[in-house]
Every structure is written in C-alpha cells, then in structure tokens.
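S.K.: my questions are about this predicted structure, shown below with the sequence.
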Amino acid sequence: MKWNQLPLGPLQTNCYVLSNQEECIIFDPGEEPDKLINYIGSKKLKPLAVLLTHAHFDHIGALDKIRSQYSIPAYIHEKEAKWLLDPALNGSQSFMPEHPLRCLPAEEIIAAKEELTIGSFSFDILETPGHSPGSVSYYLKEEGMVISGDVLFKDSVGRTDLIGGNEALLMKSIHSRLLTLPENTIVLPGHGPVTTIEDEMETNPFLNGF
C-alpha cells in the first residue's frame, strides 16, 4: 500500500491519496481539484471513495468536483453531516465570504462505527473531537499509520476557537485515542509535515504531561 501527500489550496491543506495497486481512497480534497485529478490520472488510479476527517471549508473545497468526476461517495461523521451544506458551520462564510461553500450531502454517514472497509482498504475509525465535534482519525493498523486531520500536528495540535471547538475535549481525544497507538505509528496530519506518535510524545510542547 502506498500513500501520497498533496498540499492543496491557500492553506496548503494536506490531501492524501492512499493506493493499493490500481485502487485508491482520497482523504480531505481541500482545493485545486484539477491538481488532484491530474495526479490520479498520472498514476492510473481508480478512486473508490472520499473520506473526510472533518468538514471545515479548507478540507472540502474540491469535494463535489472530485466525487462527481469519479462517481464515488463521500464519508463524514454524523455530527458534521450538516456542515457540508452550511457555510456558517464549515467556516467558509467567515474566512471566504465571497465564496461561501455549500456541498452536496454526504452519501455515507459515520455513526458509532469503529471499523470501515472499502474495497481492499480497512480502517479503524477513531472519534477524535475537539478541533470540531465530528473530527475523526483513520487508523491503518497493518500499515502503522493514522490520518489525523486537524487533531494532531508535528509539534502542535488543532485549534479550538472555531464553532464546536473544545480544548479539553481535544486534549482528551489526543491522549486517549492517538497517544495510545504504537509509538512508531506514522501520523499524517491535515497540515504540515508527517510525524510519529513517538516524536510528538517526546517533543510536542502542547502535550507536556501526557
């Protein structure tokens, strides 16, 4: 299994394309759909689904064009299903009022589900709220990696000053759901460089005491 990180849009949101031979899963297509489409075409991949870590505008900007291009479903946690349709909730109304973002509803809703299998891909779904109410992280145990969205970054953690943010809940999510993973687990964050659980336990200034 292979993965590729594509920083997209003005906020350089990390979109990930996880591939297994010719099939792939797309995570958080935040912007620049043509760039993503060109990459998928160059690798001759067949997308199966779009998985969202959460529904902030910088993670969903290319969602509709991508799922229309490949006729694939989008997955979102139930607590943020309405955010796709609401610029006030997804943040686009505040951060890009000239282009309020209203996506089509997600085809698949994640609710009280701990495992997800799509084609040859299997994920453990870790509910990691705090940055937003429906933030989830996708853990691939056999690959030793977790796609953490905006929950945990290299030497930082997600902001909690947006709608539904909760600092105490974010820290609880990181402590109970992410730092309990094997220390050599690779963390693929929503922004910035890749890191590991071990590195964040040792050097992340926001996790002192954990």
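M.R.: Done, it's in.

S.K.: what number of residues lie near T13?
M.R.: If you count neighbours by other CB atoms under 10 Å, T13 ends up with 25. (Glycine included, C-beta is placed from N, CA and C.)

S.K.: distance of it relative to E23?
M.R.: 23 Å (CB to CB, to the nearest Å).

S.K.: try L36
M.R.: Counting by CB to CB - L36 and E23 are separated by 16 Å.

S.K.: so which of the two has more stuff around it?
M.R.: More crowded of L36 and E23, by other CB under 10 Å: L36, with 22 against 16.

S.K.: does that one count as helix, strand or coil?
M.R.: Following DSSP: H, G, I helix; E, B strand; the rest coil, L36 is assigned to helix.

S.K.: what does the pLDDT read for the residue nearest the centre of the chain?
M.R.: Central residue of the chain (CA atoms, centre = their mean): T53, 3.0 Å from the mean position. Per-residue pLDDT puts T53 at 98.

S.K.: I'd assumed it was in a strand, is it?
M.R.: No - using three-state DSSP, the secondary structure at T53 is coil, not a strand.

S.K.: numbering from 6 from now on, please.
M.R.: Sure thing, new numbering starts at 6, so read that last one as T58.

S.K.: which residue is the nearest non-sequential neighbour of it?
M.R.: Residue nearest to T58 in three dimensions, not counting chain neighbours: G154, with 2.7 Å by CB to CB, 6 or more residues apart in numbering.

S.K.: pLDDT of stretch 159-176, averaged?
M.R.: On average, the pLDDT along stretch 159-176 is 96.

S.K.: relative to the whole chain's centre, how far out is it?
M.R.: Averaging C-alpha positions (CA atoms, centre = their mean, to the nearest Å) puts stretch 159-176 15 Å from its chain's average.

S.K.: alpha carbons only: can I get that stretch in PDB?
M.R.: This file holds the C-alpha atoms of stretch 159-176, laid out as PDB (Å, rounded to 0.1, in the frame of the first residue of the first chain):
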ATOM      1  CA  LYS A 159       4.100  18.000  14.200                       C
ATOM      2  CA  ASP A 160       4.900  20.000  17.300                       C
ATOM      3  CA  SER A 161       1.300  21.300  17.600                       C
ATOM      4  CA  VAL A 162      -2.400  20.500  18.000                       C
ATOM      5  CA  GLY A 163      -5.600  21.600  16.400                       C
ATOM      6  CA  ARG A 164      -7.100  25.000  17.100                       C
ATOM      7  CA  THR A 165     -10.200  25.100  19.200                       C
ATOM      8  CA  ASP A 166     -11.500  28.600  18.700                       C
ATOM      9  CA  LEU A 167     -13.900  27.700  15.800                       C
ATOM     10  CA  ILE A 168     -17.500  26.600  16.000                       C
ATOM     11  CA  GLY A 169     -17.800  23.500  18.200                       C
ATOM     12  CA  GLY A 170     -14.200  23.600  19.300                       C
ATOM     13  CA  ASN A 171     -13.300  22.400  22.800                       C
ATOM     14  CA  GLU A 172      -9.700  22.400  24.100                       C
ATOM     15  CA  ALA A 173     -10.300  20.000  27.000                       C
ATOM     16  CA  LEU A 174     -12.000  17.600  24.600                       C
ATOM     17  CA  LEU A 175      -9.200  17.900  22.000                       C
ATOM     18  CA  MET A 176      -6.600  17.000  24.600                       C
END
